[in-house]
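Student: for reference, the sequence and a predicted model appear below.
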Amino acid sequence: MVTSGGLRESKLSTARFAPGAPPHNRRMNDATSAGALGRFLTLADTAEVLSLTTTQGYALVRSGELPAIKVGAQWRVERSVLEAYIEGKYEETRRMNLWNQSEFSNIAELSFGRPGSN
């Protein structure tokens, strides 16, 4: 689109951020690269990534389940620590599923391999 002054005006595919808004208050979207947010995330950002409330995120930090550091008055979670936490949860779920499957897969072994014996 060309304006009357000859300057080209482009339309953004995403909404502009409010002027002066701190970077930690900007939400991630598909157009934002992960590296643009920096090394540390606030608890609000961390909770958003995990689809939790901020209170639930704080409870994870307070319990020690999710390691974090306190910078000034705010808690920060390092991006690599959050990724490791998520990977750990995937591994925990995988192991639990294997355990649950194994409880029922070895029933024949309980009868010493003989069908019909109790």
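Tutor: That came in fine, so what should we check first?

Student: give me the buried positions along the longest helix seen in the chain.
Tutor: In the chain, with assignment by DSSP state H, the single longest helix is helix 79-105. For helix 79-105, a neighbour-count test (16 or more other CB atoms under 10 Å) marks 79, 81, 82, 85 as buried. C-beta here means a position set from N, CA and C on the backbone, and glycine is covered the same way.

Student: mind listing what the residue lying closest to the third one once chain neighbours are set aside touches?
Tutor: It refers to residue 82. Using CB to CB, 6 or more residues apart in numbering and skipping the chain neighbours, the partner closest in space to residue 82 is residue 46 (6.0 Å). The contact partners of residue 46, by CB atoms under 8 Å, 6 or more residues apart in numbering, come to 57, 66, 68, 77, 82.

Student: the third one and residue 61 touch, don't they?
Tutor: So the one you mean is residue 68. Yes: Residue 68 lies in contact with residue 61 (CB atoms under 8 Å); the separation is 4.4 Å.

Student: joint contacts of these two?
Tutor: With CB under 8 Å, 6+ apart as the test, residue 68 and residue 61 both reach 43, 75, 77.

Student: low pLDDT regions in the chain?
Tutor: For the chain, the stretches with pLDDT under 70 are 1-37, 103-118.

Student: quick one, strands of it?
Tutor: For the chain, the strands defined by DSSP state E occupy 40-42, 69-71, 74-78.

Student: packing partners for the longest helix of the chain?
Tutor: strand 40-42 (3 or more CB pairs under 8 Å, 6 or more residues apart in numbering; DSSP states H and E).

Student: hmm, back to that, tell me the most buried of the strands of the chain?
Tutor: strand 40-42 (a mean of 21; mean count of other CB atoms under 10 Å).
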